[in-house]
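> Provide a 3D model corresponding to the input given below.
(4 chains)
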There are 4 protein chains.
Amino acid sequence: MLLEKLRAEVLEANLELVRRGLVLYTFGNASGVDREQGLVVIKPSGVDYDDLRPEHMVVTDLNGKIVEGNLNPSSDLDTHTLLYREFPAIGAVVHTHSEYATSWAQAGLDIPALGTTHADYFYGPIPCTEPLTDEAIGGRYVHETGVAIVKRFAGIDPMAVPACLVAGHAPFVWGKTPDDAAHNAVVLEAVARMAIRTVQLNSLAGVSQSLLDRHYFRKHGANATYGQKS
Amino acid sequence: MLLEKLRAEVLEANLELVRRGLVLYTFGNASGVDREQGLVVIKPSGVDYDDLRPEHMVVTDLNGKIVEGNLNPSSDLDTHTLLYREFPAIGAVVHTHSEYATSWAQAGLDIPALGTTHADYFYGPIPCTEPLTDEAIGGRYVHETGVAIVKRFAGIDPMAVPACLVAGHAPFVWGKTPDDAAHNAVVLEAVARMAIRTVQLNSLAGVSQSLLDRHYFRKHGANATYGQKS
Amino acid sequence: MLLEKLRAEVLEANLELVRRGLVLYTFGNASGVDREQGLVVIKPSGVDYDDLRPEHMVVTDLNGKIVEGNLNPSSDLDTHTLLYREFPAIGAVVHTHSEYATSWAQAGLDIPALGTTHADYFYGPIPCTEPLTDEAIGGRYVHETGVAIVKRFAGIDPMAVPACLVAGHAPFVWGKTPDDAAHNAVVLEAVARMAIRTVQLNSLAGVSQSLLDRHYFRKHGANATYGQKS
Amino acid sequence: MLLEKLRAEVLEANLELVRRGLVLYTFGNASGVDREQGLVVIKPSGVDYDDLRPEHMVVTDLNGKIVEGNLNPSSDLDTHTLLYREFPAIGAVVHTHSEYATSWAQAGLDIPALGTTHADYFYGPIPCTEPLTDEAIGGRYVHETGVAIVKRFAGIDPMAVPACLVAGHAPFVWGKTPDDAAHNAVVLEAVARMAIRTVQLNSLAGVSQSLLDRHYFRKHGANATYGQKS
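Predicted coordinates for the structure are as follows:
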């Protein structure tokens, strides 16, 4: 069986989304990529989480062609593979309909950087795509979802802002590893919860650029000081 | 004992509503219909969920006449039976006072189709009835509740929009089976939660018709592609 | 030991409030009255719920004089005893700072009757008192809290509306028995949650009088039809 | 090993924050001070709560110089130590990103005293600092966070209002002991939840000074009457 370790990591990320309350029924999926072999491991479509085993994961190439597995891959596969092709630094993708991030997506709004919890993970607003056109929806819809994300990230480093809201739909989140992507999805949901309440309290100012810099670079990059030296 | 399998399914649907947090105390009920025999199986009224057993279910005909059972049926029986008579495609009905759907019902508002989670299950807004007239309330009230639902569904396929909000009251939800109806009730509540937050974020646009089509028909109908081929 | 059965019921009601999430730390208390003996059983003040035993309950007369018990009674005792003296039909009183009912109390607003969940338990708006005057606050404050409730209930049957919000403070709830009062407190909190969301959805109309009548009298009074004949 | 008892208390306070849902991942820290020895015990940075043991706590002097411990102290150490130096009556400090208090902090708003739950713990509004200047953020940022808190408390007794919101960031809370500080952080979050809902219900009046006095001094100071005499 190909990619045993990555299968286990992808399964664990899928289960973490459930444990953290980000997934209702089967409304979510996580995948990971092996960059050396050019292979993607992704959750199968519509299988109960309780029944998921590493051997149920589906292995495809970067164009979504199935290489190993008897089950249908997640119906969002074409979005995942496009993100892997276009964002070479990412190692895993997570998609959920987590309720607060989805509410922002349904409103068609970026989540502004309103505090340091946001700044610790996302170096700037969490972008929301343009609504998909009727042509895109009627065409290769799942692929076009990825196209909308990539287009929205023109000029944005996907590793500095590891999430995107798809307008009228829900978030896609990524990271270096499946565990990292799931972790980012959990933080995104917390940030989305706090942002709606902040907006309700009528603050529209956001944090200053300097506070954003200070918090983000305390946890990221060459000069990060947070946590233990490993 | 009549309809042992359906009794078990109806009981299980009732318990699922409790497990999912849709029911406080005994504020809910589920039923199922056997179309061949023309018999309805429904939860008894006001019995604690912990004590419910398949043999407590009440069996009635499609006019609500008790065929088997010593307990009073749910006080909402006449709504259930009317829905079975008027909507021949449905196989089960669920009623809860789940809090977010009920808030929309209390506001007297349809839940607009604001995103793909909605579109995956409901092909259009989830309708809210007109308020019942004083005559209807003072008359055969429970029956009239069903009448209001049926009236509101003029021109709407109940299998494409398997839920209705009763103004000032709460949702009625249906499906092919008791399990399916309970599942739809859970999704309705999640959709209701996200919709109020989306509205708070000042989006009133809704999703486009093409996105609604794409998501709904991905999971429903002859061309559905979601999940595993069975 | 006096009133063993009532002690157990009062303890159980206190614990039910905790299990239902209505009480943080020790922010709540429940009591019951034995009308024949003219004695009140109430939770002691500031004791952890985990440690509460029937023998810790404090027994007082209807004026709050301790008859049995070594611990201080709840600091809200004088409100409880005043309610027992003024509302002869009630058998138990519950006080919590449950968060949604308290939010309405803090806003100084009655909870309007916006739906049938409300109407099933409360025959009209749940009243909020006037703010206590500085004189009342500086005087026999706990007693004056009860005075404000009684004053607000002029013309309202306390058994038809078994709860009152104290402005700037929190709810007091009552019932026939400790179990009944705790049950009403749980429903009040659910009603308060739904009402704020309904108001947010911009419905200010409330249910019609006829719907209020229909639901309330389906569960209460000589013509009640809900549940099993006992 | 220094300060075994205080290490255990600090660990327990950190765990209590997790159990009460105030901390996501490692977004929180608690410390305690031994005033006689002039030593601070604080959580290490970025260690999973499941793995935390008393021996992992880091001991520093009041200027943050490590006296015992091999792990990096919490990245917020300089805020804690400044608070210990400037507020001599406090014995413990807690920092979380608890979501409702953080939403108020992100909005840059004091939490007004809207009810007696607040008044039982906080004698007046819970202040929010000014936003940090770019110079402060670019300089000794963690130290400057403490400076902003101390500046905001000019004329406020930190033992009467044991919490401060840092604008755009999150709350710092303190108390006599680590347990007390964690308790205050839990109550702050409940107060923050109720306050936003109260504001949504359009009450902007707050409680009267006399009600604030009555509730606060019922639990605090020489004339406190709440709880059991110890």
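> just for chain A, where's the confidence low?
In the prediction, chain A carries residues with pLDDT under 70 at positions A:202-209, A:211-212, A:225-230.
> tell me how far the longest strand that it contains lies from the chain's centre.
In chain A, assigned by DSSP state E, the strand with the most residues is strand A:28-34. Distance of strand A:28-34 from its chain centroid, counting by CA atoms, centre = their mean, to the nearest Å, is 9 Å.
> partners of it in the sheet?
Sheet pairing here is set by DSSP bridges, and for strand A:28-34 it gives strand A:39-42 (antiparallel), strand A:92-96 (antiparallel).
> and the helix or strand where A:Val150 lies, what does it pack against?
If you go by DSSP states H and E, A:Val150 is part of helix A:141-152. The helices and strands touching helix A:141-152, judged by 3 or more CB pairs under 8 Å, 6 or more residues apart in numbering or on different chains; DSSP states H and E, are helix A:77-86, helix A:134-138. All C-beta atoms are positioned from the backbone trio N, CA, C, and that covers glycine.
> just those helices: most buried one?
Stretch with highest mean neighbour count among those: helix A:77-86 (a mean of 22; mean count of other CB atoms under 10 Å in any protein chain shown).
> does chain B sit close to the following helix or strand past the helix holding A:Val150?
Next helix or strand after helix A:141-152 toward the C-terminus (DSSP H and E): strand A:163-165. No: taking CB under 8 Å from any CB of the partner chain as the criterion, strand A:163-165 and chain B are apart, separated by no less than 10.7 Å.
> note down every partner strand of the very next helix or strand once past strand A:163-165 and its orientation.
Sequence order places strand A:171-175 as the next helix or strand after strand A:163-165, per DSSP H and E. Strand pairing for strand A:171-175, determined by DSSP bridges: strand A:92-96 (antiparallel), strand A:163-165 (antiparallel).
> could you see whether chain C lies near the next helix or strand along the chain from strand A:171-175?
Going down the chain from strand A:171-175, the next helix or strand is helix A:178-200, by DSSP H and E. No: applying CB under 8 Å from any CB, one finds helix A:178-200 separated from chain C by no less than 9.8 Å.
> residues contacting the next helix or strand along the chain from helix A:178-200, please?
Toward the C-terminus, helix A:178-200 is succeeded by helix A:209-219 as the next helix or strand (DSSP H and E). Under the contact criterion CB atoms under 8 Å, 6 or more residues apart in numbering or on different chains, helix A:209-219 has outside partners A:113, A:116, A:119-124, A:160, A:223-227, D:75, D:131-132, D:134, D:137-138, D:141, D:168.
> in helices only, show me these.
Within the contacts of helix A:209-219, residues falling in helices by DSSP state H are A:116, A:119, D:134, D:137-138, D:141.
> can you give me the neighbour number for the nearest residue in space to A:Thr81 that is not next to it in sequence?
Distance criterion CB to CB, 6 or more residues apart in numbering or on different chains; nearest residue to A:Thr81, sequence neighbours excluded, is A:Gly64 at 4.7 Å. A:Gly64 has 19 neighbours, counted by other CB atoms under 10 Å in any protein chain shown.
> what residues does chain A have near chain B?
Within reach of chain B by CB under 8 Å from any CB, chain A has these residues: A:24-25, A:27, A:44-47, A:71-72, A:75, A:97, A:99-100, A:102-109, A:131-132, A:134, A:137-138, A:141, A:168-170, A:196, A:199-200.
> whichever of the residues you listed end up buried, select them in PyMOL.
Only the buried entries of those go into this PyMOL selection, using 16 or more other CB atoms under 10 Å in any protein chain shown:
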select buried, chain A and resi 24+27+44+45+47+71+72+75+97+99+100+102+103+104+105+106+107+108+109+131+132+137+141+168+169+170+196+199+200
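> pick the one among the ones in helices among the contacts of helix A:209-219 closest to chain C.
Nearest to chain C among the ones in helices among the contacts of helix A:209-219 is A:Thr116, at 26.2 Å by CB to the nearest CB.
> circling back to that earlier point, who's in contact with the residue nearest to A:Thr81?
Shown in contact with A:Gly64 (CB under 8 Å, 6+ apart): A:40, A:73, A:77-78, A:81.
> mind running it again at 10 Å?
By CB atoms under 10 Å, 6 or more residues apart in numbering or on different chains, the contact list for A:Gly64 reads A:40, A:42, A:58, A:73, A:77-82, A:84, A:142-143.
> give me the most central residue, chain A.
By CA atoms, centre = their mean, chain A has its centre lying nearest to A:Val173, at 1.0 Å.
> from what I can see that one touches A:Cys164, true?
Yes: A:Val173 is within contact range of A:Cys164, at 8.0 Å (criterion: CB atoms under 10 Å).
> list residues touching both of these two?
With CB under 10 Å, 6+ apart as the test, A:Val173 and A:Cys164 both reach A:126, A:188.
> count the neighbours of A:Asn223 for me.
Residues lying near A:Asn223 (other CB under 10 Å) number 7.
> distance check, A:Pro145 against A:Asp157.
In this structure residue A:145 is Thr, not Pro. Using CB to CB, to the nearest Å, A:Thr145 is found at 21 Å from A:Asp157.
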